[in-house]
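Peer 1: Pasting a predicted model and its sequence here:
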Amino acid sequence: MTAIAPVKAKSIKATNLNLYYGKFLAVKDVNITIEPNKVTALIGSSGCGKSTFLRSLNRMHELVPGAYADGEVLLDETDIYASDADPVQVRRQIGMVFQAPNPFPTMSIYDNVAAGLKLNARKIKKADLDAIVERALRGANLWDEVKDRLGKPGMGLSGGQQQRLCIARATAVEPDVLLMDEPASALDPISTLAIEDLITELKKEYTIVIVTHNMQQASRSSDNTAFFNIEGTGKPGRLVEVDTTEKIFSNPSNKETEDYVSGRFG
Ligand SMILES: Nc1ncnc2c1ncn2[C@@H]1O[C@H](COP(=O)(O)OP(=O)(O)OP(=O)(O)O)[C@@H](O)[C@H]1O
C-alpha cells in the first residue's frame, strides 16, 4: 500500500456528558480526552454504554427518537453540540464504521466510495473523483483487490472486503475522526487481522475510537483504553478509567478494571 504521510488529526474532549434515551439515563457523566492520531479502545461489559457513548461523539445518538445528550463534546476547540452546529457536517467530520459491513446494496464498488462526496453540493470533476476513490481504496488496503472491477456491486465482495470498502467510504470525505463500533466482530480471523493492521495504518491520518469486546484486539491495536462499567440493571453506564492500553491491561488503577481485564467478570 502507498505510505501515508502523517497528518495532524483532531482531539475529542467530552465534559460532563450524560446520554439519555427518553427518561432513561444510559451513560452518566463522562469526562474524557481522546488524543489525536491515536487509537482509543472502549471496553466494558454488555450494556454499559460503549456504543451509546461512541454514537454521541458524532451526534448519531440523537437519531434514536427521544434520545439526547447533555454536556459538552469538543472537536479540538469546536463544540459539536453548539446550537449553531450542523449535525450533518459533524458526521462528515467524524465518520462511523459499523459492526456489520453495510455497503449500499444497489451501488457499485466505485459508487459506494464516492457516495458521500456526491452528496456534497460542490460538483467534482470525474478525474478528481477517480483520484479520491483510488486514494480511499488504497488507504483501506483494498485497491489491488478491486481495481479491475470498480463497476461491480459492492455486495459482491467478501465480508472483510466489504468492511474495508465501508472504511474507504468513510475516509473518502476526509473526516478528522473515525468511530468504529466492533468493526471486526462479524469477520473471520484473517479479515480481522487485516482490519487491525489497517486501523494501525489509519491512525497516521485520523483519530480513531473503537468499541471492542475482544480484549486481545484492544491490546493489539489501541494506544489508549477506556473501561466502562455499570452498577446494575437500569443503572447508567459510567467511565471507570482511561489510560494507556499497556497500563489498563497490566496495572490498572481501579479494582473494577482489573477484575474485567483479568476475566473475572463481563
Ligand atoms: N435505541 C435504544 N433505545 C433505548 N435504550 C437503548 C437503545 N440503545 C441502547 N439502549 C440502552 O442503553 C444502555 C447502553 O447500551 P449500549 O448499546 O450503548 O451498550 P454497549 O456497552 O454498547 O453494549 P453491547 O456491548 O452489548 O453492545 C443499555 O441499557 C441499552 O439497553
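Peer 2: Alright, I've got the coordinates.
Peer 1: Of all the residues in the stretch 151-266 of the chain, which one is nearest the ligand?
Peer 2: residue 237 (5.7 Å; CB to the nearest ligand atom). In this view, the C-beta of every residue, glycine as well, is placed from N, C-alpha and C.
Peer 1: got a list of what residue 229 touches?
Peer 2: With contacts defined as CB atoms under 8 Å, 6 or more residues apart in numbering, residue 229 is in contact with 44-45, 48, 237-238, 240, 256, 260.
Peer 1: before we move on, the earlier item: what's the distance between the residue of the stretch 151-266 of the chain closest to the ligand and residue 48?
Peer 2: Going from residue 237 to residue 48 by CB to CB, to the nearest Å gives 4 Å.
Peer 1: wait, doesn't the residue of the stretch 151-266 of the chain closest to the ligand sit right on residue 52?
Peer 2: Yes: under the criterion of CB atoms under 8 Å, residue 237 lies in contact with residue 52, with a separation of 7.4 Å.
Peer 1: list the residues that contact both of the two?
Peer 2: The overlap between the contact sets of residue 237 and residue 52 (CB under 8 Å, 6+ apart) consists of 26-27.
Peer 1: returning to what we had before: which residues are common contacts for residue 237 and residue 48?
Peer 2: With contacts taken as CB under 8 Å, 6+ apart, the residues that reach both residue 237 and residue 48 are 228-230.
Peer 1: what helix or strand is residue 162 on?
Peer 2: Residue 162 is located in helix 159-172, with elements delineated by DSSP states H and E.
Peer 1: go on, residue 32?
Peer 2: Under the criterion DSSP H and E, the helix or strand holding residue 32 is strand 24-34.
Peer 1: what's the following helix or strand after that strand?
Peer 2: strand 39-43.
Peer 1: List the strands paired with that following strand, with their directions.
Peer 2: Sheet pairing of strand 39-43 (DSSP bridges) gives strand 207-211 (parallel), strand 224-230 (parallel).
Peer 1: can you list contacts of it?
Peer 2: Strand 39-43 is contacted from outside by 34, 50, 53-54, 199-200, 203, 207-213, 215, 217-218, 221-228, 242, 245, 260-261, using CB under 8 Å, 6+ apart.
Peer 1: Quick one: the helices in the chain, in order.
Peer 2: Secondary structure of the chain, counting by DSSP state H: helices at 50-56, 87-93, 109-119, 126-139, 143-146, 159-172, 189-202, 215-221, 245-250, 255-261.
Peer 1: Any chance of those in CSV with mean neighbour count, distance to residue 100 and mean pLDDT as columns?
Peer 2: Formatted as CSV, the entries for these read as follows, by neighbours: other CB atoms under 10 Å; distance: least, CB to CB, whole Å; pLDDT from 0 to 100:
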stretch, mean neighbour count, distance to residue 100, mean pLDDT
helix 50-56, 24, 13, 98
helix 87-93, 15, 19, 93
helix 109-119, 20, 15, 89
helix 126-139, 17, 20, 93
helix 143-146, 17, 20, 96
helix 159-172, 24, 9, 93
helix 189-202, 18, 13, 90
helix 215-221, 19, 17, 92
helix 245-250, 18, 26, 96
helix 255-261, 18, 25, 94
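Peer 1: Throw the ones you listed into a markdown table and include distance to residue 70, thanks.
Peer 2: Below are the helices of the chain laid out as a markdown table (distance: least, CB to CB, whole Å):
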| stretch | distance to residue 70 |
| --- | --- |
| helix 50-56 | 10 |
| helix 87-93 | 16 |
| helix 109-119 | 29 |
| helix 126-139 | 35 |
| helix 143-146 | 43 |
| helix 159-172 | 27 |
| helix 189-202 | 31 |
| helix 215-221 | 28 |
| helix 245-250 | 27 |
| helix 255-261 | 25 |
